[in-house]
Each structure stands twice: as C-alpha cells, then as structure tokens.
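J.: this one's structure only:
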C-alpha cells in the first residue's frame, strides 16, 4: 500500500527552498531593475498557473476563463489606485473633478456605484479576494451541480472570457475601454512608480506567490487533494461513495479563481496599468499553457513553466516575431502529444534518478498521482 | 427603446435586420455544421476550425486571382470551382491533421482542445507569412453584385441571397448524407456505440478520419461563402470560433437539427439587438443569455438519447 502524502515532506521542502532561493536571492542579485520588474510581471501569471494545477491537473476541471479572475483582481486594484490618482486637486481641469479621466472624456459626471467601494483600501483588498470567489461560486454551482464538466465547462468559461473582454472594451466610460485603466500613481500615498517601490513590490509579490504555493501544497496533500484526484479519475465512484462531487469542484474552482485574482492585483501594482488585453480568450488559454509546460501536476513546476514560456516569448518575439506564434503553437501540440507531464515530468524521469543516486537519498515515494497519468497518457499514445 | 419608431418603421427594421440576421445565420450555420459533425459525432473539440474556414477563403481568393489572369471568360462561374477546391483543400488538411495528431488524443478531449489551439496558432502564422497580414477580398462576378428591391424601403443583396441558398443546399446535402447514405449510417453507428460498430465490421478509424475530413471540408466551403460578404485576414477565423462553439453546445451537441435551430436563434437575436444597442452590447447580451440558458439546461436545446 502506498503511503499517503504528508504535507511538506523533505522533498517538498527542498524543492520549495530552491524556488525561494531563486526568486528571493538569485533573481534580485543578477537582474537589473527593469528585468526584475519583468520577472515580477511573469510571476503574477504564475499565481494563475498554480491555481490551474489544482483545478485542472488535480481536479480535472479545465477553465479557459482564468483571465476573468485575473481581471477581477487586477481591475479591483486598478480602480483603487485610479481613484487615488484622480483626487479633486489632480483632476481640477476636468469638467467633473474627482472622477477618473476616462469617465470625464466619456461624458460621465458621477462616479458609478460599483466604483464607490474602491475608495477604501481595506474594502478593496477584501473585494479582490471576495469578488472572484463569489463569481467562481456562482458559475461553479450553476455548472457543477448540473454535472457539467470537461469540454463543456471549458467552452463556457472560454465564452465568459470573450464576454468579459467585449464588455470591458464596449463600456469605455466605466472601465477605460481598450486602453484599460492607466496612469496609476500611488498606493495609500506611497508612490509605486519609483525603482525602490518596484524592488519592494517584487519581494512582496514573490513572498505572496510562495504563500500561495504552500497553500496549494497543503490542499494537495490533504484528504481534499486525494478526493480531487479520485474525482478526476472516476467521478461516479466518488459520488457513489457518498461525497458531494460538485462541492469539491466548486471549492477548487473558487480557490483557483482567488489565486488568479491575487496575481491580477499584483500585476496592476507592478506594471502600473490593467487592460482588457489580459482578460480575453488568448491570454486565458496562454495561462493554461504555462501550467502545461511546467507539468500539470506540479505546483512548483507551474512557476518554472510560467517563467520558461515567458522568457522564450520575450526573447523570441523581440528578435523573430514570426517564429514566436509557430513556437507557441508547437509548444501546445508538443505538451499534449509528447510530454504530457511537462518540465516536472522530464525532471522526474531524467534528472531526479541521477540526483537521487548521487545523494544516496532514499527516495520517499510521494504516491505521485502524476505517475498514473503518465502511464495512462503513454498507453493512450500507443 | 421602441418608442421613437412608428409601427411601419419597426416592421421594416425587423425585416432588414432579419435579413442581415439571415446572412449571419448562414455563415454561422455553415461553420457550425462542420463543427457539429466533428464535436457532436466524435466528441473532439477542434479549436482550429476557424482556420480551416479561412483556408477555404484563401483558396477562393487564389481561384479568383487565377481566373482573372488566365480564364477571364469563365470568371462568372469561378465561384463554383473555388468552392469545390476549398472543400478538397480543407478536407485534405483535416484528414492529415486527424492522422497526425487527433487520433492519438481521442481519449483525452481536453488535450485535443489545447493541441488544436496550437494548430490554429501555427496556421494563422502560416497564413500571415504566405498571404501577408493584410485582409484580402475577392472580386465578385457581375451577376452577384447589386440588390433586389422588395418594397421601397426594404431591399436585399444578391450575394446575401446566394449565400443563403448555398447554405440551404449544403445543409440538405449534409442531412441526406448523415441520414440516408451508407457512410452516414456508419458515422451514426460509431457515434452510438463504437465497440459494437467495430464488431460488426465497420472500420471505425477510417470513419473517424473521413468524418473529421468532412467537417473540415464543410468549414472550407463556409470560408468560401464567407469571402462573398466580407474580407479575409489571417486571424478572421478566431473571431467566430467562440460563437460557433456556443451554437453547437446550445443546440445540443449531437443534434444537427438543434444546431440549425440555435444558429438561427442566436444570429437573429444578435442582429435585431444590434440595431437598437451598440454592436458590442448586442453581442454581450446574446452571449450572456446563451451562457445563462446553458447553465440552466446544460444539455442544450435538443438532445439525442444515446446509451453511453
């Protein structure tokens, strides 16, 4: 009988420590301010990717609408920052002072009701977590209670991403339209545009990401995580054993949504704007590829996958923009057809045995459900 | 929102928007038919469907260019040649893709979705490199230009009528094929019970490949028809893919009749709303309504009773 996974065994701790060293020491030491900010931006996508590992890799629920949750967090933060930047003194040349500039351009004379809570910083923080959780809960309960799953869920979440983009672009006066919410200056009086602020925000972001990773590992190694895997592999059997499958699905979908929203909020803080270009179908599905490249069953792999794909994107699209789409397309195909367990799978199959041998580390069998999937995938590929 | 229009005006508005909706319906239906065959019958999500459609559109454009320079005398009938070529090109590419990629992934539908998305990115880039990033439009033969006046306020475009006629013919052809031919019988048999179909001697792999090719071929014809009412660019296919998927799911995935009904409902709602609201809000309301209905009734409008 396989041993049940324990939370934070030696292997996990070692891997987590490695990531922490890379994020908190290696990157800040090696990269200049501009590059470090760029890495910070990539890491905000890793929040989404970690959420997708739980939701898709473990739960088997593929959401193609994670951009919507990213946007809920990102826009929430951006609305707070925008209101702070549009104080009455700053905007006295407008016909209605005290409201964001794009509202003034669109002949809106009063701050809309849904902007009002974002005057308060604590309320903003609460909403950044609560709004995506509530939204995911509504979507999740409507769909999972009716036993919608698999490709139907994927298509409907993708449609939601499309709707969100069209809505944001169409309602220019309320959302800033296609340009998004720009010209953000201070957070609670603290100027976020200086190099020093960006440096601090990078560390806040990295620390939050590590926190999210630990939370995700906790869920994975708890009984809940086991049920998720069981549900993914034989949903009916779990249902007949007396578990409410829908509730577990709703929970993990909400959790992934909240993770994505935290990432979105950190994106706004570090990059200084939020726009619909991060919401729609294309960014949402790209976030899935980050997870897939890292290995859909590896929480830390999601971080490596996000960084790898984004570094490749930045360097390739700078020098060979035509090649990038071909490369990305090829990556999508390769990651499902050739290496379904991503970087983590490659690591486990090729690098890990060597390291184990070298360190004489008695391999603790993590009862890795990934091995099962790899076997199945290999069988399916035959 | 109706206040400022008189009753007669409203009638004309509904008629004109209804006609615009019918053209939209034709394009949607042609795209959705191919998708419904692939998704409904095989359970495969083909995210590159829009790119197969665009392939048909580019083939039509190439044919038009060829006839203009080499066979100007036959230009008035080039469209029929183009359509056949578009069907063959998209169908052949579809079969190639099925052989190289899809057949390895039948047991993993979510992965098929990601792989075909990758394929769509590659195809888009290929179109951009080969045909250039700018949109291209075809020259219509003279007999397709102009419009027919029905009353003094209502008139209909001939190319629109032609596309509709084409849609009707293709839809009937697909129905005859699925429900009244030996091949269609085999497709339905494989859908209803793959093992049993194999046991009675149907080559299920071959049926899969041909079905996929057929769906893609119809997408190619859809692209061909699409050139008559709009111009074609490398990314035009992606604009329609979400709508078309919603149509197929809304109609009930395994029901071709449901696909027609839902394509009609969605396109009419959208084009009627478009007159009264901004285009983006019309689309948002239509899509939201569809998503809301799907949440209440996930199996879609029409369902096929099949033992799984």
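T.: Okay, I see it. What you see is a predicted model; the values in this text were computed from it and never measured. Numbering: from 1, shown residues only, chains lettered A, B, ... in the order given.

J.: what sits against the closest residue to chain A within the stretch 101-250 of chain B?
T.: Nearest to chain A, among the residues of the stretch 101-250 of chain B, is residue B:118, at 2.5 Å (CB to the nearest CB). Where you see a C-beta, it was placed from the backbone N, CA and C, and this is true even at glycine. Counting by CB atoms under 8 Å, 6 or more residues apart in numbering or on different chains, residue B:118 makes contact with A:328, A:329, A:330, A:331, A:332, A:333.

J.: Please indicate which of those has the highest neighbour count?
T.: Within those, most neighbours by other CB atoms under 10 Å in any protein chain shown means residue A:332, with 28 neighbours.

J.: pLDDT score assigned to the closest residue to residue B:19 other than its chain neighbours?
T.: Distances taken as CB to CB, 6 or more residues apart in numbering or on different chains put residue B:156 closest to residue B:19, at 5.4 Å, once the chain neighbours are dropped. Note on residue B:156: pLDDT of 72.

J.: what's the closest non-adjacent residue to the residue of the stretch 101-250 of chain A found nearest chain B?
T.: Across the stretch 101-250 of chain A, the shortest distance to chain B (CB to the nearest CB) belongs to residue A:170, at 3.2 Å. Closest residue to residue A:170 apart from its sequence neighbours, by CB to CB, 6+ apart: residue B:280 at 3.2 Å.

J.: Tell me if I'm right that the residue of the stretch 101-250 of chain A closest to chain B and residue B:281 touch.
T.: Yes - at 5.9 Å, residue A:170 counts as touching residue B:281 under the criterion of CB atoms under 8 Å.

J.: Stretch B:8-28: which residues count as buried?
T.: Buried residues in stretch B:8-28, counted by 16 or more other CB atoms under 10 Å in any protein chain shown: B:12-13, B:16-17, B:19-28.

J.: ok, so of those, who is nearest residue B:138?
T.: The nearest member of the buried residues of stretch B:8-28 to residue B:138, counting by CB to CB, is residue B:27 at 15.3 Å.

J.: you'd agree residue B:246 is up against residue B:287?
T.: Yes - between residue B:246 and residue B:287 there is a contact at 6.7 Å, judged by CB under 8 Å.

J.: Who has more neighbours out of those two?
T.: residue B:246 (24 against 21).

J.: Let me see the contact set for that one.
T.: Going by CB under 8 Å, 6+ apart, residue B:246 touches A:155, A:159, B:266, B:287, B:290, B:291, B:294.

J.: re the thing from before, sticking with the closest residue in space to the residue of the stretch 101-250 of chain B closest to chain A that isn't next to it in sequence, tell me its helix or strand.
T.: The shortest distance from residue B:118 to any non-neighbouring residue, by CB to CB, 6+ apart, is to residue A:332 (2.5 Å). Taking DSSP states H and E as the definition, residue A:332 sits inside helix A:321-337.

J.: Helices along the stretch 51-200 of chain B, start to end?
T.: B:78-100, B:109-131, B:158-180, B:182-192, B:194-199 (DSSP state H, counting those that start in this stretch).

J.: With distance to residue A:293 as new columns, can the ones you listed be given to me in CSV?
T.: Formatted as CSV, the helices of the stretch 51-200 of chain B follow (distance: least, CB to CB, whole Å):
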stretch, distance to residue A:293
helix B:78-100, 21
helix B:109-131, 11
helix B:158-180, 39
helix B:182-192, 34
helix B:194-199, 32
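
J.: Could you pull out the residues contacting both of residue B:246 and residue B:287?
T.: residue A:159.

J.: these two touch, right, residue A:262 and residue A:129?
T.: Yes - with contact defined as CB under 8 Å, residue A:262 and residue A:129 form a contacting pair (7.3 Å).

J.: Give me the local confidence score for residue 94.
T.: Just going to use chain A. Here, the pLDDT recorded for residue A:94 equals 82.

J.: oops, I was thinking of chain B
T.: With respect to pLDDT, residue B:94 has a value of 94.

J.: Report how many residues lie close to it.
T.: 30.

J.: In terms of helices and strands, where is the closest residue to it other than its chain neighbours?
T.: Once flanking residues are discounted, residue B:94 sits nearest to residue B:216: 2.7 Å by CB to CB, 6+ apart. Assigned by DSSP H and E, residue B:216 falls within helix B:204-226.

J.: right, and the helix or strand after that helix?
T.: helix B:236-251.

J.: Wait, residue A:193 touches residue A:187, no?
T.: No - Residue A:193 sits out of contact with residue A:187 when judged by CB under 8 Å, with a separation of 10.3 Å.

J.: Between the two, point out the one with more neighbours.
T.: Using other CB under 10 Å, the more surrounded residue of residue A:193 and residue A:187 is residue A:187, with 17 against 10.

J.: correct me, but that one touches residue A:81?
T.: Yes - counting by CB under 8 Å, residue A:187 touches residue A:81, with 6.3 Å between them.

J.: if I look at those two, which residues touch both of them?
T.: Common contact partners of residue A:187 and residue A:81 (CB under 8 Å, 6+ apart): residue A:269.

J.: tell me which residues in stretch A:308-315 are buried?
T.: Neighbour counts over stretch A:308-315 (16+ other CB under 10 Å) mark A:308, A:309, A:310 as buried.

J.: re the thing from before, looking at residue A:170 and residue B:281, which one has more neighbours?
T.: residue A:170 (21 against 16).

J.: Write out the residues of the stretch 51-200 of chain B neighbouring chain A.
T.: Within the stretch 51-200 of chain B, the positions adjacent to chain A are B:101, B:104-105, B:107-115, B:117-126, B:128-129 by CB under 8 Å from any CB of the partner chain.

J.: if you skip the residues just before and after it, what's nearest to residue 178?
T.: In the absence of a named chain, chain A is used. residue A:169 (4.9 Å).

J.: that answer is for a different chain, and I need it for chain B
T.: residue B:184 (4.0 Å).

J.: need the contact list for the one you found.
T.: Residues in contact with residue B:184 (CB under 8 Å, 6+ apart) are B:176, B:177, B:178.
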